[in-house]
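Chemist: need a 3D model of the following:
(one chain, ligands or ions: 1)
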Amino acid sequence: TAMSTHRLFVALRPPRPVRDILIAAMHGIAGARWQNDEQLHLTLRFIGEVDHHMAEDIAAALGALYAPAVTARIAGVGLFERQGRPHMIWAGVEPHEPLAALHRKVDQLLARVGVAPETRAFTPHVTLARLNRGSGPVAPFLALNSDLASSAFEFSHVTLYESELGHGGSRYHPVARYPLGG
Ligand code: 2AM
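Modeler: Numbering: from 1, shown residues only. Next up, the predicted model:
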């Protein structure tokens, strides 16, 4: 309906062999909610809830994206805490600079249609698991996967996703894809 909102974010989708490496590492923390294959992505820019008109403006604005493809690799794992407790386990993606440059470009295009600029620091990562109070210790996982790595791979397009919040975790639906490079 015209009243409905869309929860949007802009992300990069790791290619199949990289997703396989990430999925293979997903064990060893009791009670962790591991991401499934469909959920794996690197968030370039979280947008949040917008109405249908804004969603169309955003999709159109991203059509002006002109940026090189980004060559990257998986490099280690990390932990985000919330209120002093383990909250999320992620895989690092390096190098940061070309990803930060792409993040800034996306930010600029979104600013044109009135999306407020991002205030949070941009930390390129792929979320592997969400944790809660009942989850087991994370230190063994972090130690075991400190050298988690992939070969160099290319992000060849940017994807606009819609997030559907659900009981079994969020579902992420690709809305539009924008090519990078040539
Ligand atoms: P996360 O995986 O690091 O939690 C869809 O919700 C995507 O947007 C997720 O990758 C999530 O990041 C990210 N996200 C959700 N809320 C966010 C926020 N307030 N700021 C930045 N990123 C957010």
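Chemist: quick one: secondary structure of Lys105?
Modeler: helix (DSSP: H, G, I helix; E, B strand; the rest coil).
Chemist: show me what contacts Leu165?
Modeler: When contacts are counted by C-beta atoms under 8 Å, 6 or more residues apart in numbering, Leu165 touches Arg7. No exception for glycine: its C-beta is placed from N, CA and C like everyone else's.
Chemist: how close does it sit to the ligand?
Modeler: 8 Å (C-beta to the nearest ligand atom, to the nearest Å).
Chemist: now do Leu144
Modeler: 21 Å.
Chemist: look at that residue and report its pLDDT.
Modeler: For Leu144, the pLDDT comes out at 98.
Chemist: quick check: phi and psi at the nearest residue in space to it that is not next to it in sequence.
Modeler: Spatial nearest neighbour of Leu144, excluding adjacent residues (C-beta to C-beta, 6 or more residues apart in numbering): Gly28 at 6.5 Å. Phi and psi for Gly28, reported as degrees, to the nearest 10, are phi 100, psi 10.
Chemist: I figured Gly28 was touching Ala139, is that so?
Modeler: No. At 10.5 Å, Gly28 and Ala139 do not qualify as touching, with contact defined as C-beta atoms under 8 Å.
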